[in-house]
Every structure is written in C-alpha cells, then in structure tokens.
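**Q** Structure, please.
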Amino acid sequence: MEEPTAFSGRAAGEMRVQSLLRYPVKSMLGETVPSMFVDEHGAEGDRRLALLDATTGHVASAKNARLWRALLTCTANRHAGGVNIELPDGTSVAADDPGVDDRLSQLLGRTVRLVTQRPDGATLVRPDPEQLLELGLDAEVGGRILEIARTTPGDSFTDEAPLHAITTATLEHIGVEALRYRPNLVFATPPGCPPYVENDWVGQEIAVGEVRLRVLTATSRCVVPTLEHGSLPRAPQALRTPAAENRWDTGGHGAQPCAGAYLAVVTDGVIHVGDPVTIGL
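**A** Residues are numbered from 1 along each chain as shown. Okay, here's the model as predicted:
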C-alpha cells in the first residue's frame with residue numbers, strides 16, 4: 001500500500017497548518033485564532049450569525065456585491081460575552097445590542113435583521129462572478145439562488161460545506177492574501193508543491209493533528225475574493241487567474257473557477273496552528 005504523503009504524492013514534503021480563521025458574521029471580516037474546535041457543524045463560532053434582507057428574505061452575502069459588499073468593511077470578533085462588530089467609522093456594536101439592526105441597516109442602505117439561527121431553506125443570491133468583473137459590481141447580473149449549508153448540520157450559515165481549506169502554494173501562485181478566500185484553514189506547503197493541489201485531494205481523508213477531515217470538492221470561487229476587504233484594495237486576479245487556469249464542474253453548474261477545497265469533519269477535535277497535515281489516509 002502506498003504510504004500517505006503530505007500532498008498526494010506530488011513533490012512530497014510535510015505540510016502544516018499555517019493559520020486558522022473564523023468569521024462570526026457571514027460576509028464580514030473575521031479573526032485569526034491559535035486553535036479551533038471543529039465538528040460536523042464546522043468550526044466553533046464560524047458563521048453562526050448572518051443578516052437577513054427584510055425585503056427579499058435572502059441571507060445577505062457579498063457574493064451579491066451590488067447590494068452587500070459593504071459588509072466587508074465590518075469586522076466581527078468573538079469574545080466571552082458573545083460577538084462584537086466593528087464598523088467602518090471606528091465604532092463598534094455588540095451583536096445582541098437592541099440597536100444593532102438599525103446600525104447595520106443604515107450602513108448597508110437596506111433594512112436587515114441580524115439572526116443567530118439559520119432559517120429552513122435559507123438562500124442567497126449568487127450573480128455570475130465573471131460577468132460582474134466584466135460589467136462592473138453595480139451591474140444587475142443574472143445568476144442563481146443558492147440554498148446554503150445543505151451539507152452542514154445545525155444553524156451555521158456556511159455556503160456549501162462545514163469547512164474550507166486552501167494552500168499557500170495556491171495563494172502564492174495567484175498572488176493574493178488568504179483572507180480574500182475566507183478559508184478556515186491555511187495549509188503551508190513545502191517547496192515544489194504545485195498550485196491547485198487541493199484538486200487532487202477530492203474524495204480523500206486528511207489528518208490534521210488529532211482531527212480527521214474528508215475532502216468533498218474543489219471550491220468554486222465567487223466575486224468576493226476580488227473585492228475590497230477592509231483596507232485591502234480590489235484584486236481581480238483572485239478570480240481571473242483560477243478562471244484561466246483551474247476550472248472544474250463541482251456541482252452541476254458547468255466548469256467554475258476553483259481554488260481551495262471544501263471539507264467535512266470525520267473525527268472532531270481541536271486543530272492548532274502548526275499541526276502536521278497528512279493527505280490520503
């Protein structure tokens with residue numbers, strides 16, 4: 001039997017967890033943490049809150065950049081008492097503050113409600129990301145309605161899977177910061193590891209410290225990585241490069257630009273920065 005390697009037998013070497021990230025409020029900036037508990041629901045404290053559009057009932061997502069890209073000017077952080085949201089004017093508001101809905105509605109220019117429980121059949125609007133780049137973020141672009149979190153038990157507002165991972169090989173090749181792709185796990189790869197190596201892992205299990213994960217599919221990319229993130233400027237290459245180099249049909253919607261991988265949790269536990277990563281158990 002072939003021995004497992006750090007990245008599926010290609011330019012073998014050791015991978016480790018470089019960083020761990022969570023995003024307490026969907027589509028807002030999040031936080032890096034030294035360790036993270038994961039189970040079938042995903043990462044503890046990750047995307048457990050979201051905004052609902054009072055007009056349409058859809059979950060607010062920066063995928064629909066025309067309406068919701070201002071969410072990426074806010075930063076959500078967890079603390080012992082709950083979640084705090086830092087607004088772009090430098091002020092902050094607690095997620096359980098009675099005035100939080102009004103503050104966020106004023107910022108976004110639409111009436112929204114911050115919720116902690118995912119409604120049954122929760123949906124968001126996903127305009128075609130490549131058309132948005134071509135026509136402009138304020139263009140009314142067609143797309144599809146995505147029912148979120150269909151493979152994630154509980155109340156998390158994840159899009160399509162409990163966890164998302166990406167490698168430094170992919171990030172360095174594209175030339176963007178990890179936070180643009182909103183992963184939970186960033187794996188540091190050794191020299192010689194090719195970009196998009198995550199494609200090779202689909203269907204395999206991964207050991208990350210004491211945790212076991214299963215790779216579900218490559219991650220199709222939306223327009224979000226190209227947008228301004230806080231002080232970071234726009235980065236069109238975050239979509240254009242994988243669109244030119246790495247297209248996969250991950251869900252029956254045709255070949256999509258992909259970078260990273262979606263994961264499910266097989267054995268729960270705590271992942272730490274620095275944990276070794278082994279593919280293909």
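
**Q** ok, residue 98 to residue 114 distance?
**A** Counting by CB to CB, to the nearest Å, the gap from residue 98 to residue 114 is 11 Å. Where C-beta positions appear, they are placed from N, C-alpha and C, glycine not excepted.

**Q** Among these two, which residue is more densely surrounded?
**A** Neighbour count, other CB atoms under 10 Å: between residue 98 and residue 114, residue 114 has more, with 21 against 7.

**Q** can you tell me how far that one sits from residue 50?
**A** The value you get for residue 114 to residue 50, if CB to CB is used, is 8 Å.

**Q** what touches both of those two?
**A** residue 25 (CB atoms under 8 Å, 6 or more residues apart in numbering).

**Q** neighbours around the closest residue to residue 49 other than its chain neighbours, how many?
**A** Closest residue in space to residue 49, ignoring its immediate chain neighbours: residue 25 at 4.6 Å, by CB to CB, 6 or more residues apart in numbering. Residue 25: 25 surrounding residues under other CB under 10 Å.

**Q** Over to the one 5 residues further on?
**A** If you count neighbours by other CB under 10 Å, residue 30 ends up with 22.

**Q** For the helix-or-strand element of the chain with minimal mean pLDDT, give me every contacting residue.
**A** Every helix and strand in the chain was compared by mean pLDDT, DSSP states H and E; the lowest is strand 143-147, with a mean of 93. Here strand 143-147 makes contact (CB under 8 Å, 6+ apart) with 58, 121-128, 159-160, 253.

**Q** Same check on stretch 64-74?
**A** So stretch 64-74 is contacted by 25, 27-29, 51, 53, 60-62, 85-88, 104, 107-108, 110, 124-127, 132, 137-140, 223-224, 227-230 (CB under 8 Å, 6+ apart).

**Q** Buried only: go through those for me.
**A** Among the contacts of stretch 64-74, the ones that count as buried by 16 or more other CB atoms under 10 Å are 25, 27-29, 51, 53, 60-62, 85-86, 104, 107-108, 110, 124-127, 132, 137, 223-224, 227, 229.

**Q** Cross those against helices and list the overlap.
**A** Within those, residues falling in helices by DSSP state H are 104, 107-108, 132.

**Q** Nearest to residue 166, out of the residues you listed: which one, please.
**A** Comparing those against residue 166 with CB to CB places residue 132 closest, at 21.4 Å.

**Q** circling back to that earlier point, which ones are touching the residue nearest to residue 49?
**A** Residue 25 makes contact with 47, 49-51, 71, 74, 76, 83, 85, 95, 114 under the criterion CB under 8 Å, 6+ apart.

**Q** what's the answer for residue 47, then?
**A** Counting by CB under 8 Å, 6+ apart, residue 47 touches 22-26, 156-158.
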